[in-house]
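Asks: prediction below, plus the sequence it came from.
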Amino acid sequence: MSHELMPLVVVLEMRHHYMKNYNYLVVDRGSLQAVIVDPAWEIEKIDQALADTQARLSGILLTHSHPDHIHLSKPLAERYGCPIWMSKVEIAASGFSARQLIGIDGSPWTLGQMQIEPIVTPGHTPGSTCYLIGENLFTGDVLFAEGCGICPDTQAAHAMFASLQHLKSRLEPDTRIFPGHSYGQPPGRRMSQLRRDNIYLHFSDKDKFAAAARAIVESKI
Ligand SMILES: [Fe+2]
């Protein structure tokens, strides 16, 4: 794919009190259709990004059902008349509902010239989903540059271990990782950099991984 046709990723930093999330507007340069990932809190920044790129919002990708990731999904879907996508597993586990909601599995679909491939990666929540669009992976609270999302129990940590193993085998080294939050590193680092620097990608034993992941939870209680 030539550079002109690669999707444009607009990084939006959203704040609410002490919280900071990243939203991503992904624009198909050919059709100027766009999707937004996990919209929350500052709707005017999304409107401005749409105006700046001259794109129209064609859908909302939700990585999971936590409040800081779904916050603006319904108002945006109403305003722009577009669908909300979330994994069927996450919908069943959370009870999230919306008039425009479409449940998805791992089947990709296209929007303009962009292919959107959901990769279901449980662990942080039962149906957490990453979305691969071109060379960009949007990871929500599954994979951060510096770590991975909190796992509520050992079973969830084992699921997270399998999800991270799957991402390691599925992704190209050049894939850019766009997480829901940053703990120091800017969004858009390459998978090869994460594989080198993120210790949660170094484990080869699910129980040792779970012990490390559970230690994070206990240190925060
Ligand atoms: Fe979360």
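Replies: Perfect, I can see it now. Only a predicted model underlies this, so the values are computations on that prediction, with no experimental measurement involved.
Asks: wait, isn't Ala213 in contact with Tyr200?
Replies: Yes: between Ala213 and Tyr200 there is a contact under Cβ atoms under 8 Å: 7.3 Å. Using the backbone N, CA and C atoms, a C-beta is placed for each residue, glycine as well.
Asks: what's the overlap in contacts for these two?
Replies: Cys148 (Cβ atoms under 8 Å, 6 or more residues apart in numbering).
Asks: who's more crowded, those two?
Replies: Ala213 (25 against 19; other Cβ atoms under 10 Å).
Asks: for my notes, confirm the more buried one occurs in a helix.
Replies: Yes: counting by DSSP: H, G, I helix; E, B strand; the rest coil, Ala213 is located in a helix.
Asks: now do the same contact list for the closest residue to it other than its chain neighbours.
Replies: Distances taken as Cβ to Cβ, 6 or more residues apart in numbering place Ala157 nearest to Ala213, at 4.3 Å, with adjacent residues excluded. Shown in contact with Ala157 (Cβ under 8 Å, 6+ apart): Gly123, Cys151, Lys206, Phe209, Ala210, Ala213, Arg214.
Asks: what's the next secondary structure element after the helix or strand that contains Ala157?
Replies: Assigning secondary structure by DSSP states H and E places Ala157 in helix 154-170. Later in the chain than helix 154-170, the nearest helix or strand by DSSP H and E is strand 176-179.
Asks: pull the residues that contact that next one.
Replies: Outside strand 176-179, the residues touching it (Cβ under 8 Å, 6+ apart) are 9, 11, 22, 24, 37, 135-145, 187-191, 194.
Asks: any weak-confidence spans in this protein?
Replies: The model of the chain has pLDDT under 70 over residues 1-4, 218-221.
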